[in-house]
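A.B. asks: here is the input, now give the coordinates:
(chains A and B)
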Amino acid sequence: MPFSFKLQHQDETARAGLLATPHGDIATPVFMPVGTQATVKGLTPEMVRSVGAQIILGNTYHLALRPGDELIRDLGGLHRFMHWDRPILTDSGGFQVFSLASQAKITDEGAKFRSHIDGSPLELTPEKAVEIQQNLGSDIAMVLDECPPAQSDPAVMRNAVRRSILWAGRCQRHHSRAEQALFAIVQGGLDVGLRAECAHELVAMEFPGYALGGFSVGEAPEQMHAALPACAALLPEAKPRYLMGVGRPQDLLVGVAAGIDMFDCVMPTRNGRNALAFTYDGPLRLRNAKHRRDPGPLASDCDCYCCANFSRAYLHHLFAAEEMLGPTLLSLHNIAYYLRLMADARQAIAEKRFAAFHRGCLARWQSDS
RNA sequence: GGGUAGAUGGCAGAGUGGUCAAUUGCACCAGACUGUAAAUCUGGCCUCUUCGGAGUUCGGGGGUUCGAAUCCCUCUCUACCCA
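C.D. replies: Next up is the predicted model:
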């Protein structure tokens, strides 16, 4: 059995577990850094590994477009291609249905895109999404789904759910690699009833893992927070639950409390590139003038390479001078912070004090940083 | 000593009678970023403001004009050329 999930601790609805994959075990709840184009932007795999990343993401759409999934397959698969020997999860391109909607046309057959690189037409069907991910050789593949914006009207939402279920079935039937797990994605927006219908259908199909998609797509964070417990509860307890694309540190903890096991988000790397550092004392904008002469580290309680060696003043300087080391160091720190937050959450769950941990984090974030 | 060209907001640099509190870039200040078309984007950047406006600006002084950063006189300064 190359793939399994075992729950180890539960603390109210929060859980900690162990996810086994062909490239290694993953302790959950886990944060997965995003490496869309076969790289976690700005970092070498050694750096990503050094802060304890257990699994990272890659993207079907981007890699199929460039350099091409067959090329990656011929060069030994995504792990070897990008020099990452731990687990990889690939997203299906479903999110690009949302983020590139202006140049996509969606039918039951699939999504027709225009390449964001050169405008050339290309089509992503459920079958194609599976083939691409099988060529990439990821440990976990995602079904193609339709991810509508939060403010879409109910008819659009219902249709997206119908289509996502349809596509999930086609993905499952087309999927043939036993060493790769294929996860389903529940859509339905903020309508818990619709989410329940979607989850019911998908759960009946017996996927090895389930994701909640269609969050953080324009709704207020509080709306997502309010919907998460009920939505997470729709997913099988014995299988990994993945909240796609979320989020800020406070969102992750709400997710963990609701019983989510896996998260991914571009925020630590993108915001890091844009000079924002996450810490237990709240965010820090390193471009701000107040850091110009500050000899202290980003976070005194962080042991990452950035915090161990560099001052806020130096980081401020790097961003002022637009040196590429700035984005690299903050990306590294932010990932280290996200991973530590999850590690601390796991420990709190194991010790049955997650609620207190959660409250403590909120109190520190809300007090002035 | 003579000649020529200039002097515009922190800097560079547009504008050359009204639509100019003055294009643009840089610098500076702040904000945003959630399955990455993002090392990106947005806002602010003379003073005050009840955010509707109001008041002072384009080297100094004087003048022409209903009206001047823009025209005239003069002074100061700068660059280059000739002695």
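
A.B. asks: state the helix or strand in which A:L339 lies.
C.D. replies: helix A:325-350 (DSSP states H and E).

A.B. asks: who in the stretch 101-250 of chain A is up against RNA strand B?
C.D. replies: Proximity of the stretch 101-250 of chain A to RNA strand B (C-beta under 7 Å from any atom of the strand) is limited to residues A:102-103, A:116, A:142, A:145, A:147, A:185, A:187, A:211, A:213-217, A:221, A:244-248. Heads up, the C-betas are built off the backbone N, CA and C, glycines and all.

A.B. asks: what's around whichever residue of the stretch 201-350 of chain A sits closest to RNA strand B, how many residues?
C.D. replies: In the stretch 201-350 of chain A, the residue that lies nearest RNA strand B is A:G247 (2.1 Å; C-beta to the nearest atom of the strand). Counted by other C-beta atoms under 10 Å, the residues lying close to A:G247 total 21.

A.B. asks: quick check, it in a helix?
C.D. replies: No - under DSSP: H, G, I helix; E, B strand; the rest coil, A:G247 falls outside any helix and is assigned coil.

A.B. asks: what are the phi and psi angles of it?
C.D. replies: When read as degrees, to the nearest 10, the backbone of A:G247 gives phi 170, psi -140.

A.B. asks: that one touches A:F263, doesn't it?
C.D. replies: Yes - between A:G247 and A:F263 a contact is recorded at 7.2 Å, counting by C-beta atoms under 8 Å.

A.B. asks: what sits in contact with each of the two?
C.D. replies: A:G255 (C-beta atoms under 8 Å, 6 or more residues apart in numbering).

A.B. asks: show me the contacts for A:A160.
C.D. replies: A:145-148, A:152, A:187, A:214.

A.B. asks: hmm, I was thinking of A:E131
C.D. replies: Contacts of A:E131 by C-beta under 8 Å, 6+ apart are A:69, A:174.

A.B. asks: on the three-state scheme, the closest residue to A:Y210 other than its chain neighbours is what?
C.D. replies: Leaving aside its chain neighbours, A:Y210 sits nearest to A:L235 (4.4 Å; criterion: C-beta to C-beta, 6 or more residues apart in numbering). What three-state DSSP gives for A:L235 is coil.

A.B. asks: and for A:L235, the neighbour number?
C.D. replies: 25.

A.B. asks: now do the contacts for A:R292.
C.D. replies: Going by C-beta under 8 Å, 6+ apart, A:R292 touches A:313, A:316-317.

A.B. asks: is it true that A:F263 lies in a helix?
C.D. replies: No - counting by three-state DSSP, one finds A:F263 to be strand, located in no helix.

A.B. asks: in chain A, where is pLDDT below threshold?
C.D. replies: Applying pLDDT under 70 to chain A flags the ranges A:1, A:367-369.

A.B. asks: the same query, at a cut-off of 90, please.
C.D. replies: Scanning chain A for pLDDT under 90 picks out A:1-2, A:97-105, A:113-122, A:366-369.

A.B. asks: can you pull up the most central residue in it?
C.D. replies: Nearest to the mean C-alpha position of chain A, by C-alpha atoms, centre = their mean, lies A:D264 at 1.5 Å.

A.B. asks: need the nearest residue in space to it, chain neighbours excluded.
C.D. replies: Nearest to A:D264 is A:M32, by C-beta to C-beta, 6+ apart, at 4.2 Å.

A.B. asks: quick one on the thing from earlier: how about the contacts made by the residue nearest to A:Y210?
C.D. replies: Applying C-beta under 8 Å, 6+ apart to A:L235 gives the contacts A:186, A:199, A:203, A:210, A:212, A:241, A:259.

A.B. asks: most neighbours, which of these?
C.D. replies: A:V186 (30 neighbours).
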